[in-house]
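Asks: One predicted model, sequence on top.
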Amino acid sequence: MRWFTAFLAAALLAVAAAVMMVLPRGESAPTADSSPIASPASSSPTASPASPASPASPSPAGSSATPTSQGTPFTDPCGTFDTSMRTPYALSGYWLIPTTDHCTWRRQLAAIHDVGGDTVIRIGWGLQGRRTDEKGRILEKEGGKVDPRYEPCVEDGMPCAAAAERDLKAANPGNRVSWTFVYRTDEAFGDGVFRCPEFERRISVGDTVFYRIIAPDDGSDDPDCGNIRARGRGYHLILVAAAAKDSLTELLDLGDRFGVKVFPALPLAPRDPAQTTRASERGTDTLTTLTRRVMQDYGDRFKDRVSLGGFYQPFELQLRDMKPDNPTLAVYASQHEIVEQEMPGKPILVSPYLDARRRLPFSATPKQVAKGFEALARTGVGIIAPQDSRGTGKVGLFWPDQRDQRVDSRLRPVVGETTNGTAYHGSTRDYYREMAAARTRMVEQGYNVQLWANVEAFEPSTDEPCAARTGTRGRTDKERLDTAVTQVGRYVSKIVSYMWSDFFTCGSPSLAEEIARDSDRPIPVDAVRMPRDIQDGVEIRGYNIPLGSKVTITWDGQKAPRGVEVAGVDLTSPPPDLPERIRTAWFPFDWTRVPPDTWVKVEVALPDGRAAAEPLHIRVNL
């Protein structure tokens, strides 16, 4: 076994944060409306055919260039960190929660890279429309009290919102602030966010830097100050509460150091008050303006940064057949257009969720989810990483020949005491198979879209939650993660996971430590019939299946299991668009022994006896 060094193990245990975060509507995808800035604290315990061919896609990180890890220790005020990748695992990307402790960034990036992570995805925040009181002070979201986050913003003795309207009216009496928006971030922007410095500016108050941004309320965005004086009209004020030190610059620097791609979050759209799972049509124009300003600033400062992999759009939706006028799809399309204009070649990543529960009227079949995938691809997003939704219990991990078996006991709080087939329209594998086929169709139509998987690293409920912000949910175990990888790995080009802190860092040993100790256990993801020369046989695709691995084959009615050893590895290349760490292994097997239309279970174990968490279930029609 391979062990973390004592320092790194201690660092992992220090990552979890002790502040509240609400996961919206029980979903796992990161949200941005009220994500806190976390501070470090001590962790608390708590026979299938070959894959369909599809056109080649860009590298998973969305760029041909990749940051390079030097593989040598480096030292800074936070300590000494090893940049070598020691125990690579099938998961290669993780969501991160913002933190005020900059040493935590370094510990997280070091630990993520150590277990094979090459991608981090930032949780962000949402743009919100707010009311003001009679003095111009911004009220809290609920509207009753003055928001203490924005109350310190004062200019010339008056609240910043009131000062902005005063300046607009001085330029032209017909000007007015028709709506006020707020946005928070731990970044620090450059001058690229401003159009008219006479009316737009920074206001520094202690450790917070406020940005006063003015946008016409008709959705336009003037290139200069001319129209502010020329004619009276309504304006939207966007007041941004930001940081004095830019966290994104720091993350990109760490990405360069560790060879990790960074996906910062785009501003999240305001939610429809009547249906909070949808973006509000009112306010979308202002979101577009803010996104454009931020992207232009990024273009000035980060256009050539190799570690900037793309951008994460954090407004989640359920993946299902959707109408073209869906307002959330309109937000995706609008932000994609801006990113393409200002940061060409940097894809937008979205992570919708699945719901396969039969008893619910809003659940979706695999075919309906495939339609939803196509709708997302038409908005121009470059990476669709659906949540596998096993962590929330909305989809189960099972094979077609297991539909009549009882659901996993950890799923019963969500679907009850029932069978897989009664509880769900299909399994995780069914949904990703249909989405992979949809992705192939969209690529053939000219859409440059990738399919990733977001494997949820938590369970629906637990007696040992990782932190207050995770609610009743707690971390899962590596065996269940391996099983999820087996289910999705055949159909996606990359596997990422929500989320590093706290689900990979809580408990003793933590999930990250479990992975480090057991990273080379085999994980098969696919098996196909493949003769070699005059011998019939099977090619297995997956992770960590070396020469001499033992394969056990069983099926109903068989007198005794058949055992065989892997006779060759890397004899052929895996199909395109699979994760880069997947390899191939071949063993001889006479398929005429198997009755037609029979499900065969293929179990894989290393020469040292460690078996894969999940066997493959395949069916080959002769």
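Replies: That came through fine.
Asks: all helices for the stretch 51-200 of the chain, in order.
Replies: Secondary structure of the stretch 51-200 of the chain (DSSP state H, counting those that start in this stretch): helices located at 102-114, 160-171.
Asks: Just name the most buried of those.
Replies: Highest mean neighbour count of these: helix 102-114, a mean of 23 (counted as mean count of other C-beta atoms under 10 Å). C-beta coordinates here come from the backbone N, C-alpha and C atoms, glycine included.
Asks: can you give me the offset of that one from its chain's centre?
Replies: Relative to its chain's centre, helix 102-114 lies at 18 Å (C-alpha atoms, centre = their mean, to the nearest Å).
Asks: Show me what it is packed against.
Replies: The contact analysis (3 or more C-beta pairs under 8 Å, 6 or more residues apart in numbering; DSSP states H and E) places helix 102-114 against helix 6-13, strand 79-82, strand 119-122, helix 247-258.
Asks: give me that answer again for 7 Å
Replies: Packing partners of helix 102-114 (3 or more C-beta pairs under 7 Å, 6 or more residues apart in numbering; DSSP states H and E): helix 6-13, helix 247-258.
Asks: and those, which one is worst for confidence?
Replies: Between the helices and strands packed on helix 102-114, the one with the least mean pLDDT is helix 6-13; it has a mean of 38.
Asks: Where does pLDDT dip in the stretch 151-300 of the chain?
Replies: Scanning the stretch 151-300 of the chain for pLDDT under 70 picks out nothing.
Asks: hey, where'd the strands end up in it?
Replies: Taking DSSP state E, counting those that start in this stretch as the criterion, the stretch 151-300 of the chain carries its strands at 154-155, 158-159, 176-184, 201-205, 208-216, 234-243, 261-263, 271-272, 275-279.
Asks: So for Thr75, which of these sits nearest?
Replies: Proximity to Thr75 (C-beta to C-beta) singles out strand 261-263 among these, at 21.9 Å.
Asks: which parts of the closest one are buried?
Replies: Along strand 261-263, these residues count as buried under the neighbour rule (16 or more other C-beta atoms under 10 Å): 261-263.
Asks: roughly how far apart are the nearest residue to Cys160 once chain neighbours are set aside and Arg433?
Replies: Spatially, and ignoring its direct neighbours in sequence, Cys160 is nearest to Cys153 (3.9 Å; C-beta to C-beta, 6 or more residues apart in numbering). Distance, Cys153 to Arg433, using C-beta to C-beta, to the nearest Å: 52 Å.
Asks: same question, Ser389
Replies: 15 Å.
Asks: more crowded one of the two?
Replies: Ser389 (26 against 21; other C-beta atoms under 10 Å).
Asks: Look up which helix or strand Ala438 falls in, please.
Replies: Here Ala438 sits within helix 428-444, counting by DSSP states H and E.
Asks: What angle do helix 428-444 and the next helix or strand after that helix make with each other?
Replies: Moving toward the C-terminus from helix 428-444, the next helix or strand (DSSP H and E) is strand 450-456. Strand 450-456 runs at 160 degrees relative to helix 428-444, counting by axes from the mean of the first three to the mean of the last three C-alpha atoms, to 10 degrees.
Asks: For strand 450-456, which residues meet the burial criterion?
Replies: Residues 450-456 are the ones in strand 450-456 that count as buried (16+ other C-beta under 10 Å).
Asks: and if you look at stretch 310-321?
Replies: Buried residues in stretch 310-321 (16+ other C-beta under 10 Å): 310-320.
Asks: now do stretch 473-482
Replies: Along stretch 473-482, these residues count as buried under the neighbour rule (16+ other C-beta under 10 Å): 473-476, 478, 480-482.
Asks: Which ones among the residues you listed lie within strands?
Replies: Residues of those located in strands (DSSP state E): 474-475.
Asks: Between all of the buried residues of stretch 473-482, which two are separated the most?
Replies: Greatest spacing in the buried residues of stretch 473-482, by C-beta to C-beta: Arg473 and Asp482 (19.7 Å).
Asks: about what we covered before: can you put the buried residues of strand 261-263 in TSV and add distance to Asp304?
Replies: Conversion of the buried residues of strand 261-263 to TSV gives the following (distance: C-beta to C-beta, whole Å):
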residue	distance to Asp304
Lys261	14
Val262	14
Phe263	17
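Asks: what helix or strand is the nearest residue to Arg357 once chain neighbours are set aside on?
Replies: Distances taken as C-beta to C-beta, 6+ apart put Ser363 closest to Arg357, at 4.9 Å, once the chain neighbours are dropped. Following DSSP H and E, one finds Ser363 outside all helices and strands.
Asks: Per-residue pLDDT of Ser363, please?
Replies: In this model, Ser363 is scored at 97, pLDDT.
Asks: Just read off the phi/psi values of it.
Replies: Per-residue torsions, Ser363: phi -70, psi 170 (degrees, to the nearest 10).
Asks: Isn't it up against Val369?
Replies: No. The criterion here is C-beta atoms under 7 Å, and Ser363 misses it with Val369 at 9.8 Å.
Asks: So those two - more neighbours on which side?
Replies: Legend: neighbour count by other C-beta under 10 Å for Ser363 and Val369, higher for Val369 (29 against 19).
Asks: ok, now how distant is that one from Thr483?
Replies: The spacing between Val369 and Thr483, counted by C-beta to C-beta, is 20 Å.
Asks: can you check Ala110 too?
Replies: 28 Å.
Asks: now Gly537
Replies: Noted for Gly537: a distance of 25 Å to Thr483, by C-beta to C-beta.
Asks: So which of these two has more stuff around it?
Replies: Taking neighbours as other C-beta under 10 Å, Gly537 and Thr483 compare with Thr483 leading, 22 against 19.
Asks: who touches the more buried one in this structure?
Replies: Thr483 makes contacts with 397, 613-614, as judged by C-beta atoms under 7 Å, 6 or more residues apart in numbering.
Asks: Roughly how far does the residue nearest to Pro531 when sequence neighbours are not counted sit from Lys346?
Replies: Using C-beta to C-beta, 6+ apart and skipping residues adjacent in sequence, the residue nearest Pro531 is Gly537, 6.0 Å away. Separation of Gly537 from Lys346 (C-beta to C-beta): 43 Å.
Asks: What of Arg433?
Replies: Separation of Arg433 from Lys346 (C-beta to C-beta): 29 Å.
Asks: swap in Phe398?
Replies: To Lys346, Phe398 is 37 Å away according to C-beta to C-beta.
Asks: Got phi/psi on Glu342?
Replies: Main-chain torsions, Glu342, degrees, to the nearest 10: phi -90, psi -30.
Asks: cool, the one 3 residues further on as well?
Replies: Reported as degrees, to the nearest 10, the phi and psi values for Gly345 are phi 90, psi -10.
Asks: Neighbours of it, how many?
Replies: Per other C-beta under 10 Å, the neighbour tally for Gly345 reads 14.
Asks: do the one 5 residues further on as well
Replies: The criterion is other C-beta under 10 Å. On that basis, Val350 has 26 neighbouring residues.
Asks: try Arg195
Replies: For Arg195, the neighbour count with other C-beta under 10 Å is 20.
Asks: Lys367 too?
Replies: So Lys367, with other C-beta under 10 Å, has 15 neighbours.
Asks: Can you name every helix or strand that whatever helix or strand it lives in contacts?
Replies: Following DSSP H and E, one finds Lys367 within helix 366-378. In terms of contact count using 3+ C-beta pairs under 7 Å, 6+ apart, helix 366-378 is assigned the packing partners strand 383-384, helix 428-444.
Asks: Can you pull out the low-pLDDT segments for this structure?
Replies: Ranges of the chain meeting pLDDT under 70: 1-72, 622.
Asks: buried sites along the longest helix anywhere in it?
Replies: In the chain, taking DSSP state H as the definition, the longest helix is helix 284-302. Using 16+ other C-beta under 10 Å as the test for burial, helix 284-302 gives 284-299, 301-302.
Asks: what packs against that helix?
Replies: Packed against helix 284-302 by the contact rule (3+ C-beta pairs under 7 Å, 6+ apart) you find strand 208-216, strand 234-243, helix 327-342.
Asks: Format these as a markdown table; extra columns: mean neighbour count and distance to Pro197.
Replies: Formatted as a markdown table, the helices and strands packed on helix 284-302 follow (neighbours: other C-beta atoms under 10 Å; distance: least, C-beta to C-beta, whole Å):
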| stretch | mean neighbour count | distance to Pro197 |
| --- | --- | --- |
| strand 208-216 | 21 | 10 |
| strand 234-243 | 22 | 15 |
| helix 327-342 | 20 | 20 |
